[in-house]
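Asker: From the sequence below, what's the structure:
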Amino acid sequence: MLGIIIGLALLMVLAYRGYSIIWIAPLCAIVVALTGGLELLPAYREIYMEGFVGFTKSWFLVFMLGAIFGKLMDYTGGAKSIARWLTKVLGPKRAILSVIVGCGVLTYGGISLFVVVFAMYPLALELFREANITRKLIPGAIALGSFTFTMTAIPGTPQIQNLIPTDYFHTTPTAAPIMGTVAGLILLVGGYLYLKWRAKQFAAKGEGFIEPEKTLGSSETAVTSESETMVLPHPLLAFIPLIAVIITLNVLDWDIVVALLAGIIMAMIISPKKFKGFTKTISEGATGSMLSIINTSAAVGFGKVVGAVPGFQALTNLIMNIKGSPLISEAIAVNLLAGATGSASGGMGIALEALGEKYYQLALETGISAEAFHRIVSLASGGLDTLPHNGAVLTLLAVTGMTHKDSYIDIFVTSVLLPVVATIVAIILGSLGIY
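Answerer: As a prediction, the model looks like this:
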């Protein structure tokens, strides 16, 4: 068990220092294997690669099609059209809410978090400028709209953090609708009120909108200019691909692969004049998805090795014997692993690969719905994952031109602290049989 802890600690330290999980996951798996008494080569070639390849086999198409869908919505201008329409409807007087809702609609429609960040930032810049709100709050608003309630809480979201648990708990994306909706409201309302309070604090100190520095201005101006000059599809047309994904997945109960294909086809249909760039965009999306799927598969392989060493049983007993509902131990395990890897899907993958079957059996034995376990796994994966070394956090800060000192406190409150609170409330509901 000590070897497992050392391996996890090493994984966390190296991930925090910015090293790629593609190579640190197998390295840390070797540490676990050696201290656990496993033969090194069989542990890597058989156990580690079994977990790696198994996850890739199950989720490759979902990652790839999701990335292609996001790329097409970006290329056709559909994502920008929806975001711009929403911000116009809500207006600059509700600048913070406009950014949150814009991000939320796009992510719930199946568009990847990274695409949403790039699509929303130029609009957030315009809104915050007109409302005279400091740019320091833009990362917090985007994080709240993209990394929280539509990623893990709201039932039916096609984000991968809500889909992976379906394989382990034999559930659907709409699992535990009451728990998810209540948690989602805590995240949305709590995060919005916090950001409004922060905006008032800055205003009271006389700190308003300041134009980006020249060193960053050229790239930001280019992004803004591109979004302004691009011929965008009508918002009603732009919504069609998102609605297609949501309805086919949750109403028609089609497989996520088919649902994403429906979204991809509709994204191309609504922008026929851009057909010349479809092939290139699809290729870029497919290529871009490789890093995400390999990162998560590498983490799952690590989890497979952890589950194979003798000390794992002692660790399992320690986790499972946490007092109270088994949903508590599940949330703690997923949160810690998501924090260690700096990845919601990576931490979830390790936890479910190692403990998923045990928690499913607990669901059958205790009478607690498997849907409750599904929802807690999803919510917990979106807690400690956004610590300072998280890739999405680093990308968000880079795109907005902010530093950790400027804006991480707001990212922490909206995407770490509030998700933990929402998870606790969801655990109480699940333990009371309210799913």
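Asker: what's stretch 262-276 in contact with?
Answerer: Contacts of stretch 262-276 with the rest of the structure, by Cβ atoms under 8 Å, 6 or more residues apart in numbering, involve 65, 68-69, 72-73, 75-78, 109-110, 233, 237-238, 240-242, 244-245, 248, 254, 278. Every residue, glycine included, has its C-beta placed from N, CA and C.
Asker: buried residues in that stretch?
Answerer: Within stretch 262-276, the residues that qualify as buried are 262-264, 266-268, 270-271, 274, counting by 16 or more other Cβ atoms under 10 Å.
Asker: In helices, which of these fall?
Answerer: If you go by DSSP state H, these have 262-264, 266-268 in helices.
Asker: Going by distance to Ile293, which of those residues wins?
Answerer: Distance to Ile293, by Cβ to Cβ, is smallest for Ile264 among these, at 17.2 Å.
Asker: For the helix or strand where Leu418 lies, name the packing helices and strands.
Answerer: If you go by DSSP states H and E, Leu418 is part of helix 418-431. Applying 3 or more Cβ pairs under 8 Å, 6 or more residues apart in numbering; DSSP states H and E, we find helix 418-431 packed against helix 177-204, helix 326-341, helix 370-381.
Asker: Also compute the angle for that helix relative to helix 177-204, please.
Answerer: Here the directions of helix 418-431 and helix 177-204 differ by 150 degrees (axes from the mean of the first three to the mean of the last three Cα atoms, to 10 degrees).
Asker: Tell me what angle the lengthiest helix in the chain forms with helix 326-341.
Answerer: Longest helix of the chain, by residue count under DSSP H: helix 278-308. With the same axes, to 10 degrees applied, the angle from helix 278-308 to helix 326-341 works out at 120 degrees.
Asker: which parts of helix 278-308 are buried?
Answerer: Buried, per 16+ other Cβ under 10 Å, within helix 278-308: 278, 281-282, 284-285, 288-289, 292-308.
Asker: what do you get for stretch 137-152?
Answerer: Applying a neighbour-count criterion of 16+ other Cβ under 10 Å, one finds 137-152 buried in stretch 137-152.
Asker: from the chain's centre, how far out does that stretch sit?
Answerer: Put simply, stretch 137-152 sits 10 Å off its chain's centre (Cα atoms, centre = their mean, to the nearest Å).
Asker: Rounded mean pLDDT for it, please.
Answerer: Across stretch 137-152, pLDDT averages out at 96.
Asker: Repeat that for stretch 245-265.
Answerer: 95.
Asker: what separates it from the chain centre, distance-wise?
Answerer: Centre to centre, stretch against its chain (Cα atoms, centre = their mean), the figure for stretch 245-265 is 19 Å.
Asker: Could I get the CA-only coordinates of it as CSV?
Answerer: Extracted C-alpha coordinates of stretch 245-265, given in CSV (Å, rounded to 0.1, in the frame of the first residue of the first chain):
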residue,chain,number,x,y,z
VAL,A,245,-26.9,15.9,-30.1
ILE,A,246,-29.0,16.4,-26.9
ILE,A,247,-32.2,15.0,-28.4
THR,A,248,-30.7,11.9,-30.0
LEU,A,249,-28.7,11.1,-26.9
ASN,A,250,-31.3,11.7,-24.2
VAL,A,251,-34.7,11.6,-25.9
LEU,A,252,-34.2,9.0,-28.6
ASP,A,253,-31.7,7.2,-26.4
TRP,A,254,-29.2,6.7,-29.2
ASP,A,255,-25.6,5.8,-28.6
ILE,A,256,-23.3,8.8,-28.0
VAL,A,257,-21.4,7.9,-31.1
VAL,A,258,-24.5,8.2,-33.3
ALA,A,259,-25.6,11.3,-31.4
LEU,A,260,-22.3,13.0,-32.1
LEU,A,261,-22.4,11.9,-35.8
ALA,A,262,-25.9,13.5,-36.0
GLY,A,263,-24.4,16.8,-34.6
ILE,A,264,-21.5,16.7,-37.0
ILE,A,265,-23.8,16.1,-40.0
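Asker: where are the low-confidence patches of the stretch 151-300 of the chain?
Answerer: For the stretch 151-300 of the chain, the stretches flagged by pLDDT under 70 are 214-230.
Asker: returning to what we had before: now, among the buried residues of stretch 262-276, which is nearest to Gly190?
Answerer: The closest of the buried residues of stretch 262-276 to Gly190 turns out to be Gly263 (Cβ to Cβ; 30.4 Å).
Asker: what's the closest non-adjacent residue to the closest one?
Answerer: Closest residue in space to Gly263, ignoring its immediate chain neighbours: Val245 at 4.0 Å, by Cβ to Cβ, 6 or more residues apart in numbering.
Asker: element containing the one you found?
Answerer: According to DSSP H and E, Val245 maps onto helix 235-250.
Asker: Now do that helix: which elements does it pack against?
Answerer: Helices and strands touching helix 235-250, by 3+ Cβ pairs under 8 Å, 6+ apart, are helix 49-75, helix 78-90, helix 95-108, helix 256-269.
Asker: With Leu193 as the reference, name the closest of those helices.
Answerer: Using Cβ to Cβ, the nearest of the helices and strands packed on helix 235-250 to Leu193 is helix 95-108, at 10.1 Å.
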